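Peer 1: next input, structure requested:
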Amino acid sequence: MSLFAGTILIASFISYITLKDFVILNNETQLKKTINLLMLQLKNNDNLDEFASKVKEATGFRITLIESSGLVIAESNYKRTEMENHSTREEIIEARKDEYGVSIRYSHTLKEDFIYVAKAVNIHNHKAFIRLAMSLNSVFESFYIFWYRMIFAISFFIILSIVIPYQMSKKIRYDIEQIIIYLEELSNKNYKAVLQTRHFNEFLQISVMLKNLAKKLHSRSRQKRKHAAKLRFINKQRNDILSAISHEFKNPIAAINGYAETLRDDLNSPEKIRKKFLEKIISNAMKISHMLDRLALSVKLENNDLSIKPHKFNLSDLITDIIENLEKKYADQKIIFKSVSLHVEADKTMIELALINLLDNALKYSESDVSITVSDTILSVSDKGIGIQENDIKNITSKFYRVRKNSWDNSMGLGLAIVDYILKLHQLELHITSKTDFGSTFSFDISPILSKKL
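Peer 2: Below you'll find the model as predicted:
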């Protein structure tokens, strides 16, 4: 408010100076115009004193006629015989050089401030000067009255603009104090504290938001034990994962140790037995390597450390090759493939890995035949296995998540997680539908990577 009041006062002062100069300039212009009119009448007047009196009576301006030497020859407001020589007056000196001479000064003769305007003229074929003067007291009388009223209005407005905000600030401080007290209660976990703001809608809105916040904090406080229990459950899951990894590595390592120790202790074992044991050792070593590769791949996919390298290839031929390899592993099961020849543009290695995981997962949890179909740009893998419960479907693609919790079956729960990561890299989405004891279907739309159909 002090800044505002100061701005008003400075603006008023500047306005005062500007308007005052404008008033003086306007009256100066008026005097010049009057002089020009008087010059037309002056030629026909022989009685200069009478002429000066008439001008004074008609215009209200003081008129003085001055010879070139500075002698006053006619004056409307004072006895000319008692007046000093005017040759040194500023307006006369300036009028000798320019068209008009102008000055503002105090008149010792009339004891007032005047604005003087003088101009050279010919009076009876002699060079002389006609000078008009206007009392500044009369000029500024109405001007000062106007500014007195303005100062009163400005002062009243400033006082009003201080009093009203002061009263408002008292109300603002009250509402702020209520909010501070309420925040202190919240910091002390008193979520049932009362907050009542009285004066401003903005603080009312803040109060509503704070009350909603208190409700949320109260709700979170009540759920603290649930969160703690959830954390304990997560820790248990993490321990289960570590146990699963440990279990999956222990089986092949134990087998390798067993076969290796047998070969070491029985150096004279038959060649056929030795060969069989060595194949078992190699098989379990490959199994460990495969599990490590899957772990490393899942980490890289999850961290986006792998980028796809797309190129065109025949999807149907790739699926046929995958089926031939998997049927050797699952000799008792058959994979039914229905599709036309399709060309896609994608990372062949990653798509192959995703399909292998889908088919391997289907064969592992199904004792009957498995089918893979590409129809209307939808690739689907279906089995008639144990199925997946509805509450497990949303978690089935998570790392280390396994539906059959008590049967490790040489799986760490990475297969579907890897499939999900690979499909997302290709802007594809895995869809899962399943019914317990009837089987499951895993599908995704290949139209984004489809090149052409032959």
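
Peer 1: show me the contacts for the residue lying closest to Gly415 once chain neighbours are set aside.
Peer 2: With sequence-adjacent residues excluded and distances taken as CB to CB, 6 or more residues apart in numbering, Gly415 is closest to Asn357, at 4.1 Å. C-beta here means a position set from N, CA and C on the backbone, and glycine is covered the same way. Residues in contact with Asn357 (CB atoms under 8 Å, 6 or more residues apart in numbering) are 415-416, 418-419.

Peer 1: what are the ranges of the helices in the stretch 1-150 of the chain?
Peer 2: 2-42, 48-59, 90-97, 136-187 (DSSP state H, counting those that start in this stretch).

Peer 1: swap that for the stretch 201-350 of the chain, please
Peer 2: Counting by DSSP H, counting those that start in this stretch, the stretch 201-350 of the chain has these helices, from start to end: 201-222, 224-265, 271-302, 315-329, 348-364.

Peer 1: so which of the ones you listed gets nearest Leu40?
Peer 2: helix 201-222 (72.1 Å; CB to CB).

Peer 1: pLDDT weak spots in the stretch 301-450 of the chain?
Peer 2: 301-306, 395-414 (pLDDT under 70).

Peer 1: distance to Leu342 added to the helices of the stretch 201-350 of the chain, as CSV?
Peer 2: Below are the helices of the stretch 201-350 of the chain laid out as CSV (distance: least, CB to CB, whole Å):
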stretch, distance to Leu342
helix 201-222, 52
helix 224-265, 36
helix 271-302, 25
helix 315-329, 4
helix 348-364, 12
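
Peer 1: among those helices, which is the most enclosed?
Peer 2: helix 348-364 (a mean of 21; mean count of other CB atoms under 10 Å).

Peer 1: please save the CA atoms from it in CSV.
Peer 2: Backbone C-alpha positions of helix 348-364 (Å, rounded to 0.1, in the frame of the first residue of the first chain) are rendered in CSV as follows:
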residue,chain,number,x,y,z
LYS,A,348,13.9,-63.3,-36.4
THR,A,349,16.0,-64.6,-33.5
MET,A,350,13.7,-62.9,-30.9
ILE,A,351,10.5,-64.0,-32.6
GLU,A,352,11.9,-67.6,-32.7
LEU,A,353,12.7,-67.5,-29.0
ALA,A,354,9.2,-66.2,-28.2
LEU,A,355,7.5,-68.9,-30.2
ILE,A,356,9.8,-71.6,-28.7
ASN,A,357,8.8,-70.4,-25.2
LEU,A,358,5.1,-70.4,-26.0
LEU,A,359,5.1,-73.9,-27.6
ASP,A,360,7.5,-75.3,-24.9
ASN,A,361,5.2,-73.9,-22.2
ALA,A,362,2.1,-75.4,-23.9
LEU,A,363,3.7,-78.8,-24.3
LYS,A,364,5.1,-78.8,-20.7
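
Peer 1: what angle do that helix and helix 315-329 make?
Peer 2: 40 degrees (axes from the mean of the first three to the mean of the last three CA atoms, to 10 degrees).

Peer 1: how far does helix 348-364 sit from its chain's centre?
Peer 2: Centroid displacement of helix 348-364 relative to its chain, using CA atoms, centre = their mean, to the nearest Å, is 45 Å.

Peer 1: quick one on the thing from earlier: most neighbours of all the contacts of Asn357, which one?
Peer 2: Greatest neighbour count in the contacts of Asn357, by other CB atoms under 10 Å, goes to Val419: 24 neighbours.

Peer 1: just checking, it is part of a helix?
Peer 2: Yes. Assessed by DSSP: H, G, I helix; E, B strand; the rest coil, Val419 belongs to a helix.

Peer 1: buried stuff in stretch 21-31?
Peer 2: 24, 27-28, 31 (16 or more other CB atoms under 10 Å).

Peer 1: do stretch 42-61 as well
Peer 2: Buried, per 16+ other CB under 10 Å, within stretch 42-61: 42, 45, 48, 51-53, 55, 59, 61.

Peer 1: start to end distance for that stretch?
Peer 2: One end of stretch 42-61 sits 16 Å from the other (CA to CA, to the nearest Å).

Peer 1: distance of the spatially closest residue to Ala255 that is not a sequence neighbour from Ala260?
Peer 2: Spatial nearest neighbour of Ala255, excluding adjacent residues (CB to CB, 6+ apart): Asn284 at 4.6 Å. From Asn284 across to Ala260, the span is 10 Å (CB to CB, to the nearest Å).
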